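**Student:** coordinates for the following, if possible.
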Amino acid sequence: MPERIFLRDVYPLMEATLQGGGEVAFAPAGNSMLPMLRSRKDKIILVQAPQKLKKYDIPLYRRENGKFVLHRVVAVKKDSYILCGDHQGQLEYGVKHDQIIAVVKAFYRGGKYIDCSASRAYWLYCRIWTRLLPARQLFLRLQNLVCRARNKIYAR
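**Tutor:** Predicted coordinates for the structure are as follows:
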């Protein structure tokens with residue numbers, strides 16, 4: 001099994017590569033971007049972020065607590081962004097542009113290369129999945145209730 005490398009450890013090299021016009025590729029960990037990205041299975045290609053992100057962009061950003069996060073832009077405000085993971089129902093407000101490190105240019109899912117600016121299927125997925133956000137919020141709450149009930153039943 002390959003050794004795990006933490007983003008915080010390679011961030012300076014990654015930042016220099018991006019600022020030099022290069023690309024950075026890695027397999028992200030976590031489930032917040034399911035069903036699009038599977039943890040440690042799919043690979044993303046990052047490029048330097050433009051001056052202003054657009055709705056549906058997927059930036060890699062750093063929260064004030066130092067944690068690196070990869071979520072989708074669901075709304076662009078005058079001085080900030082509203083983001084949400086594809087597998088989440090909770091919106092994250094007030095993400096400033098200076099927190100943005102890079103943006104996903106493309107990704108590999110199951111070995112298939114998907115260009116975020118050229119794939120018609122990806123374009124359609126972004127629009128449908130983002131419009132389903134209110135339903136996703138409800139579904140995730142129900143899923144949470146079922147899991148808690150199941151855990152209480154099996155804990156006895």
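**Student:** need the residues that contact the biggest strand by length in the chain.
**Tutor:** If you go by DSSP state E, the chain has its longest strand at strand 100-109. Defining contact as CB atoms under 8 Å, 6 or more residues apart in numbering, one finds that strand 100-109 is touched by 11, 14-15, 18, 23-24, 36-38, 42-50, 53, 57-62, 68, 70, 113-117. Where C-beta positions appear, they are placed from N, C-alpha and C, glycine not excepted.
**Student:** pairing partners for the helix or strand following it, with directions?
**Tutor:** Downstream of strand 100-109, the next assigned helix or strand under DSSP states H and E is strand 112-115. Note on strand 112-115: by DSSP bridges, its sheet partners are strand 100-109 (antiparallel).
**Student:** quick one: mean pLDDT for the strand it pairs with?
**Tutor:** Per-residue pLDDT over strand 100-109 has a mean of 97.
**Student:** got the CA coordinates for that strand in PDB?
**Tutor:** Presented in PDB, the C-alpha positions along strand 100-109 are these (Å, rounded to 0.1, in the frame of the first residue of the first chain):
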ATOM      1  CA  ILE A 100      -9.000  29.600  -2.800                       C
ATOM      2  CA  ILE A 101      -5.900  27.600  -3.700                       C
ATOM      3  CA  ALA A 102      -6.800  26.000  -7.000                       C
ATOM      4  CA  VAL A 103      -9.700  24.800  -9.100                       C
ATOM      5  CA  VAL A 104     -10.500  21.400 -10.500                       C
ATOM      6  CA  LYS A 105      -9.800  21.400 -14.300                       C
ATOM      7  CA  ALA A 106     -10.600  17.700 -14.800                       C
ATOM      8  CA  PHE A 107     -10.800  14.400 -13.000                       C
ATOM      9  CA  TYR A 108     -10.300  10.700 -13.600                       C
ATOM     10  CA  ARG A 109     -13.200   8.500 -12.500                       C
END
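**Student:** chain center to it: distance?
**Tutor:** What separates the centre of strand 100-109 from the centre of its chain is 9 Å, taken as CA atoms, centre = their mean, to the nearest Å.
**Student:** sketch out the low-pLDDT regions of the chain for me.
**Tutor:** Residue ranges of the chain with pLDDT under 70: 1-2, 156.
**Student:** again, 80 this time
**Tutor:** Low-confidence segments of the chain, defined by pLDDT under 80: 1-4, 136-137, 140, 155-156.
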